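# Next comes the sequence, and after it the predicted model I'd like to discuss.
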Amino acid sequence: MNISPLNTKYSDAIIAKIDQKTKPPGALGQLETVAAQLALIASNRKSKFANTIEITNPTALVFAGDHGISVEGVSIAPSDVTRQMVLNFIYGGAAINCFCRANNIALKVIDAGIIQPIENDIKIQHQHFIEQRLGAGTNNFAEQAAMTKTQVKQGLAYGKTIALTQIEQGCNLLILGEMGISNTSAAAAILAALTKANVDDCVGSGTGIDPKQLIHKKQLIEQALTRISSTDAIHILEQVGGFEIVQMVGAILASAESGIAVLIDGFIVSAAALLANQINENIADYLIFSHQSDESGHQLLLNQFNASPLLNLNLRLGEGTGAALALPLLVAAAHFYNDMASFEQAGVTI
Ligand SMILES: Cc1cc2ncn([C@H]3O[C@H](COP(=O)(O)O)[C@@H](O)[C@H]3O)c2cc1C
Ligand SMILES: O=C(O)c1cccnc1
């Protein structure tokens, strides 16, 4: 995989441009950091200094998959809710639909492997629904590998294809979201497997399970981790991954390979990003962390990237909601980078 680290030869010019804006140096805080990152990504794509940042066709891909571990009662909801929420996404009624509408984000919903497929007549009527199923939910990873190596490879390929399709259609900022009852269990197991951190520090209450369920969730994850013998991302995905998670890893890798920024949502999308980063360490250059989730374990995950997310709204929903909410900040960063007057232009002297 050919993912180049961002060439920092443009960095000085970018910082100089930002520092010439009519404001005290650094006064736009993290907006300056994100503008610099977007400008560096744009410069690398063009192989020349980018004097403007254009965000075109920002698109949210919401990947859905079911998890065999749901039978253990590690969520407040049964697996049926994954499919019910997919229908809600299709019909436009979920939080992610509202935030995409609010912020002019195109939304695609992907069945990466929910238990029961969506009916044909619904599929035909809704072009923003895409089916690329890896199976009817994963195996219960407390007892056996979640999926086969073939499914991992196919999932990475599916994720890549859908990301490249959006990019070919003019999207230059990918927003990722997910739906999958019990997927905080998978994400926590991934975090523990990659960092070797204490399971207690990786596992949280997800949708809001009670303390007894939380103890059970931790025990099951401990059990699964005994089968994990390395930090190889493919092995970890096979053992404890999810069909939506593996497709997000593929989408992240493909976006970075195309020189496109990816706006990361909460705990589960961040776990996919950590796996992608394990496959290729240059990935981090292309990631923008939208928000700090209330899921305990997310801070530890963000620490792996030294990331300071843009928002902290105590969200713990997923679906891509935190990322969709952060998009206006990226748009604002682009506007100030492109349009804000320099000291010279405005005749301001300090
Ligand atoms: C109605 C409903 C809508 C959701 N939308 C996202 N999630 C979120 O909750 C799930 C992860 O939490 P856990 O591991 O505890 O199941 C994922 O589906 C995630 O996207 C939802 C969960 C529910 C119940
Ligand atoms: O941070 C998230 O993505 C999250 C947290 C809890 C439940 N679902 C998703």
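Sure, I can see it. Numbering: from 1, shown residues only. Ligands and ions are numbered 1, 2, ... in the order given.

# how close does the residue of the stretch 1-150 of the chain found nearest ligand 2 get to residue 208?
Ranked by CB to the nearest ligand atom, the top residue of the stretch 1-150 of the chain for proximity to ligand 2 is residue 75, at 8.7 Å. For glycine as for every other residue, the C-beta is placed from the backbone atoms N, C-alpha and C. Between residue 75 and residue 208 the computed distance is 9 Å (CB to CB, to the nearest Å).

# These two: who's more crowded?
residue 75 (25 against 11; other CB atoms under 10 Å).

# re earlier: wait, what's in contact with the residue of the stretch 1-150 of the chain closest to ligand 2?
By CB atoms under 8 Å, 6 or more residues apart in numbering, the contact set of residue 75 is 181-182, 184-185, 206-207, 209.

# of all these, which comes closest to residue 7?
Minimum distance to residue 7 across the contacts of residue 75 is 36.9 Å, recorded for residue 184 (CB to CB).

# and the closest one, how many residues sit next to it?
By other CB under 10 Å, 29 other residues sit near residue 184.

# isn't it right next to residue 202, touching?
No - taking contacts as CB atoms under 8 Å, residue 184 lies outside contact range of residue 202: 10.0 Å.

# where does the residue of the stretch 1-150 of the chain closest to ligand 2 land in three-state SS?
At residue 75 the chain is in coil, as set by DSSP: H, G, I helix; E, B strand; the rest coil.

# Could you pull up phi and psi at the nearest residue to residue 305 once chain neighbours are set aside?
Nearest non-adjacent residue to residue 305, counting by CB to CB, 6 or more residues apart in numbering: residue 284, 5.6 Å away. The phi/psi pair for residue 284 (degrees, to the nearest 10) reads phi -60, psi -30.

# Next: residue 178.
Dihedral angles (degrees, to the nearest 10) for residue 178: phi -150, psi 160.

# how many neighbours does it have?
Neighbours of residue 178 using other CB under 10 Å come to 28.

# Repeat that for residue 180.
Using other CB under 10 Å, the number of residues around residue 180 comes to 32.

# Now do it against ligand 2, distance only.
Distance of residue 180 to ligand 2, given as CB to the nearest ligand atom, to the nearest Å: 9 Å.

# Touching, that residue and residue 65? I think so.
Yes - using CB under 8 Å, residue 180 is in contact with residue 65, at 4.7 Å.

# Now the common contact residues for these two.
Here residue 180 and residue 65 share the contacting residues 82, 114, 242-245, scored by CB under 8 Å, 6+ apart.

# Can you list which of these are found in helices?
82, 243-245 (DSSP state H).
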